[in-house]
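**Student:** Sequence unavailable; structure follows:
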């Protein structure tokens with residue numbers, strides 16, 4: 001077991017490990033314990049009952065957090081001439097085609113989101129070894145393969161707080177919902193939007209329990225268990 005710092009242990013002692021907190025109380029607790037010297041990210045971690053070895057039990061999707069993520073997002077767009085112009089006007093950070101692919105193939109990965117128009121997948125396809133392990137490969141499931149005319153809308157949504165979630169090899173889902181400096185209402189609204197999207201993404205093939213455990217935490221703080229039923233019932237329009 002890794003050793004934790006004295007600071008972390010002191011924070012952890014303020015959380016009852018046997019209790020599943022109501023969502024509002026869990027958010028309050030996480031904010032209270034986020035006392036690092038920087039603005040910590042608040043994250044949600046979910047333990048699911050899916051078996052990620054089976055394609056029909058994959059969980060993957062996107063959600064636009066209504067209160068934003070609180071962080072800058074660097075956007076790369078692969079598109080033809082018309083799409084490139086639209087992407088530049090919409091504020092994409094890097095735009096191109098084969099020239100951009102060459103940069104990525106040489107090891108450049110200074111970006112957070114990759115969007116591509118359908119005709120550019122022939123170019124982006126060869127970047128799988130670089131983008132795949134980082135979860136950046138454009139995909140229809142995450143809405144990152146985008147018709148040129150839709151690029152301005154998707155770029156704006158990404159700037160505002162578009163977040164991808166997916167189940168990993170250990171059947172867990174991890175996603176940010178904002179910064180510790182956010183008011184509780186904004187974090188709860190984002191938490192609710194994420195939970196709505198994850199609940200809606202439940203695989204039809206799953207017969208057992210879908211969400212087994214929900215935890216919220218900050219970058220440097222301890223995890224706070226959330227009542228699963230309460231978290232699953234959250235609705236963004238209630239905050």
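**Tutor:** Happy to help now that I have it. All figures in this text were calculated on a predicted structure; none of them were measured in a lab.
**Student:** Against which helices or strands is the helix or strand hosting residue 62 packed?
**Tutor:** Assigned by DSSP states H and E, residue 62 belongs to strand 60-64. If contacts are counted by 3 or more Cβ pairs under 8 Å, 6 or more residues apart in numbering; DSSP states H and E, strand 60-64 sits against strand 162-166, helix 184-200. The C-beta positions use only the backbone N, C-alpha and C, and glycine is treated the same way.
**Student:** What strands line up against the very next helix or strand once past it, and which way round?
**Tutor:** As assigned by DSSP H and E, the chain's next helix or strand after strand 60-64 is strand 75-78. Strand 75-78 sits in its sheet next to strand 94-96 (parallel), strand 113-116 (parallel), going by DSSP bridges.
**Student:** what comes up buried for the next helix-or-strand element following the longest one?
**Tutor:** From strand 113-116 onward toward the C-terminus, using DSSP H and E, the following helix or strand is helix 121-124. Across helix 121-124, burial judged by 16 or more other Cβ atoms under 10 Å covers 123-124.
**Student:** tell me the average confidence for helix 121-124?
**Tutor:** For helix 121-124, the mean per-residue pLDDT is 95.
**Student:** What residues sit buried inside the helix or strand just after it?
**Tutor:** Once the chain leaves helix 121-124, the next helix or strand it forms, by DSSP H and E, is helix 128-131. In terms of neighbour count (16+ other Cβ under 10 Å), helix 128-131 has its buried residues at 130-131.
**Student:** just to revisit the earlier point, nearest approach to residue 205 belongs to which of the strands paired with strand 75-78?
**Tutor:** Nearest to residue 205 among the strands paired with strand 75-78 is strand 113-116; the distance by Cβ to Cβ comes to 29.1 Å.
**Student:** Rounded mean pLDDT for the closest one, please.
**Tutor:** On average, strand 113-116 scores 96.
**Student:** which residues of the protein score low on pLDDT?
**Tutor:** Within the chain, the stretches with pLDDT under 70 are 1-3.
**Student:** Helices along that one, start to end?
**Tutor:** Remark: helices assigned in the chain by DSSP state H are 6-12, 23-33, 81-90, 98-105, 121-124, 128-131, 151-160, 184-200, 228-232.
**Student:** Can you lay out these as CSV showing distance to residue 142?
**Tutor:** Below are the helices of the chain laid out as CSV (distance: least, Cβ to Cβ, whole Å):
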stretch, distance to residue 142
helix 6-12, 33
helix 23-33, 26
helix 81-90, 17
helix 98-105, 18
helix 121-124, 13
helix 128-131, 12
helix 151-160, 11
helix 184-200, 12
helix 228-232, 22
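**Student:** Minimum distance to residue 173: which of those helices has it?
**Tutor:** Of the helices of the chain, nearest to residue 173 by Cβ to Cβ is helix 184-200, at 6.4 Å.
**Student:** and residue 63, what does it touch?
**Tutor:** Applying Cβ atoms under 8 Å, 6 or more residues apart in numbering to residue 63 gives the contacts 162-163, 165, 175, 193-194, 196-197.
**Student:** Could you rerun that using 10 Å?
**Tutor:** Counting by Cβ atoms under 10 Å, 6 or more residues apart in numbering, residue 63 touches 161-165, 175, 177, 190, 193-198, 200-201, 236.
**Student:** And the residues you listed, which of them are buried?
**Tutor:** Buried among these by 16+ other Cβ under 10 Å: 161-165, 175, 177, 190, 193-198, 201, 236.
**Student:** Could you point out which of these is nearest to residue 91?
**Tutor:** residue 162 (13.8 Å).
**Student:** Measure how buried the nearest residue to that closest one once chain neighbours are set aside is and give me the count.
**Tutor:** Using Cβ to Cβ, 6 or more residues apart in numbering and skipping the chain neighbours, the partner closest in space to residue 162 is residue 64 (4.9 Å). Neighbours of residue 64 under the rule other Cβ atoms under 10 Å: 17.
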